[in-house]
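Chemist: Quick one, fold the following:
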Amino acid sequence: MGNVSNRSLNRRFLDDFDTQTKCGGEGVAVTAVSQRRFAHRLQSVDVNGMYSAGALARDSCRLDASGQSARIEWQECTLGGSRPWFLCPECGRRAGKLYELDGAYACRICHHVVYRSQYRSPGERAADRARRLRSRLGASPQLWSPIGEKPPRMHLSTFRRLRQQIHEAEEQFLDWIEEVNRQQTHDALLLEKRITHVQQLVADLMARWHEVDGGS
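Modeler: As a prediction, this is how the structure comes out:
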C-alpha cells in the first residue's frame, strides 16, 4: 500500500468519483447492466414492516388496493415467539419481501430481481460502506472529510470502532483505485507492444514485397 503523499495524487479524481457514485447512485459497474431489474427500483412489500404495522392476518395478507394477497407462514424462533414469512404466490418459497412487476407480486427469484450491490465493484462497495458508517456518526458523506466529535449518547468504544472501520473502508477504496490504475497502465503498455509488433510485421511484409517486385 502506497504512502499518503503518492496516493493523494489522484485525490481530485477520487473526489469526482465519490460525487458521481453518491449523486448518480450507480457508478460504472451498475451502468453497464442498467437494464436489469434492480430491487430498489421496484415497488415491494416487506412482511416485517407489515407485521410491525399490525397489517398481517394469521394466514394471509392483502398486498395492495387491487385486492392481491399472499399467504403467510409463521416460523418458530429458537428463543421463543415466531416470525412471519410471505409465501410467494408464484413458487411458494418463503420470502421476506415481494416485488410488484406488471401488476403481479412475486419473490425476487421469480421476478429475476437483483440487488444493486451485486453489480458494484469492490471499490464502490467500500465507498458505500464508508458513507453508511459516516452517516451513523453524523459526519459528512464525503470520503476523507473530517469525522468530527462523538455523537451524544454513543459509547466511546463504539465511536472509535466505527471511525476505524471508516478509515479501513476508505483505504480499501484507495487500494481499488490504485489497482484499476495499474491494470489500465498494464493494458495500455500491452496494447502499445502489440501495435508495435503489428507495425513491424507490416514493415517486413512491405520490404519483402518490394524485394520481390524489384527482382521481377
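Chemist: Name the surrounding residues that touch the lengthiest strand in the chain.
Modeler: Using DSSP state E, we find that the single longest strand of the chain is strand 69-76. The contact list for strand 69-76 (C-beta atoms under 8 Å, 6 or more residues apart in numbering) reads 47, 56-63, 82-89, 94, 98, 105. Every residue, glycine included, has its C-beta placed from N, CA and C.
Chemist: which residues in the protein form strands?
Modeler: Chain-ordered strands for the chain, with DSSP E as the definition, fall at 37-38, 44-46, 60-62, 69-76, 82-87, 94-95, 97-101, 104-106, 113-114.
Chemist: Sheet partners, orientation included, of the fourth one?
Modeler: Going back to what we said before, that points to strand 69-76. Applying DSSP bridges, strand 69-76 is found paired with strand 60-62 (antiparallel), strand 82-87 (antiparallel).
Chemist: Quick one: closest of those to residue 157.
Modeler: strand 82-87 (30.8 Å; C-beta to C-beta).
Chemist: outside of that closest one, which residues touch it?
Modeler: With C-beta under 8 Å, 6+ apart, strand 82-87 has contacts from 45, 47-48, 51, 56, 61, 70-77, 93-98, 107.
Chemist: before we move on, the earlier item: of the strands paired with strand 69-76, which shows the lowest average pLDDT?
Modeler: Among the strands paired with strand 69-76, strand 60-62 has the lowest mean pLDDT, at a mean of 75.
Chemist: Show me which residues of it are buried.
Modeler: For strand 60-62, a neighbour-count test (16 or more other C-beta atoms under 10 Å) marks residue 61 as buried.
Chemist: Am I right that residue 105 is in contact with residue 113?
Modeler: No - Residue 105 lies out of contact with residue 113 (C-beta atoms under 8 Å); the separation is 11.7 Å.
Chemist: what do the two both touch?
Modeler: The contact sets of residue 105 and residue 113 overlap at residue 99 (C-beta under 8 Å, 6+ apart).
Chemist: neighbour-wise, which of the two wins?
Modeler: Neighbour comparison, residue 105 and residue 113: the larger count goes to residue 105, with 25 against 20 (by other C-beta atoms under 10 Å).
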